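Asker: Can you look at this prediction? I've put the sequence above it.
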Amino acid sequence: MNGFAEYEQYDALGLADLVRRREVTPAELLEAAIDDAIARKPKGHDFVIDRRRTRPAVTRHMSVTGG
């Protein structure tokens, strides 16, 4: 992962606390979540990340054979 290597060590409340304490930004968490989702994606599933907006938009596409 790029920005936040410890992402997988925290649950949602722990991540929220890190943001509250300004140890990580919401944008860093979003990038970490996107990277994690792509790394774990099942074969035949694809993610499309639209970074043209002010915030990234993620959509999930499944192939015909992927489910």
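Answerer: Perfect, thanks for sending it. Residues are numbered from 1 along each chain as shown.
Asker: Name the helix or strand of this protein that has the lowest mean pLDDT.
Answerer: In the chain, no helix or strand scores lower on mean pLDDT, DSSP states H and E than strand 57-62, which sits at a mean of 58.
Asker: residues touching residue 29, list them.
Answerer: 4, 7, 15, 18-19 (CB atoms under 8 Å, 6 or more residues apart in numbering). No exception for glycine: its C-beta is placed from N, CA and C like everyone else's.
Asker: tell me the mean pLDDT for the host helix or strand of it?
Answerer: In the assignment (DSSP states H and E), residue 29 maps to helix 26-40. For helix 26-40, mean pLDDT is 83.
Asker: mind listing what's buried in that helix?
Answerer: Buried residues in helix 26-40, counted by 16 or more other CB atoms under 10 Å: 28-29, 31-32, 34.
Asker: would you turn these into JSON lines with distance to residue 11?
Answerer: Output for these, formatted as JSON lines (distance: CB to CB, whole Å):
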{"residue": "28", "distance to residue 11": "17"}
{"residue": "29", "distance to residue 11": "12"}
{"residue": "31", "distance to residue 11": "18"}
{"residue": "32", "distance to residue 11": "14"}
{"residue": "34", "distance to residue 11": "18"}
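Asker: now for those residues, which pair is the farthest apart?
Answerer: Pairwise distances across these peak at 10.9 Å for 28 and 34 (criterion: CB to CB).
Asker: per-residue pLDDT, residue 46?
Answerer: Reported pLDDT for residue 46: 68.
Asker: Confirm for me that residue 18 is in contact with residue 12.
Answerer: No: applying CB atoms under 8 Å as the test, residue 18 and residue 12 come out as separate, 10.9 Å apart.
Asker: for the closest residue in space to residue 25 that isn't next to it in sequence, what are its contacts?
Answerer: The spatially closest residue to residue 25, leaving aside those adjacent along the chain, is residue 19, at 7.2 Å (CB to CB, 6 or more residues apart in numbering). Contact partners of residue 19, counting by CB under 8 Å, 6+ apart, are 25-26, 29.
Asker: Format those residues as a markdown table; extra columns: distance to residue 39.
Answerer: Below are these laid out as a markdown table (distance: CB to CB, whole Å):
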| residue | distance to residue 39 |
| --- | --- |
| 25 | 21 |
| 26 | 20 |
| 29 | 15 |
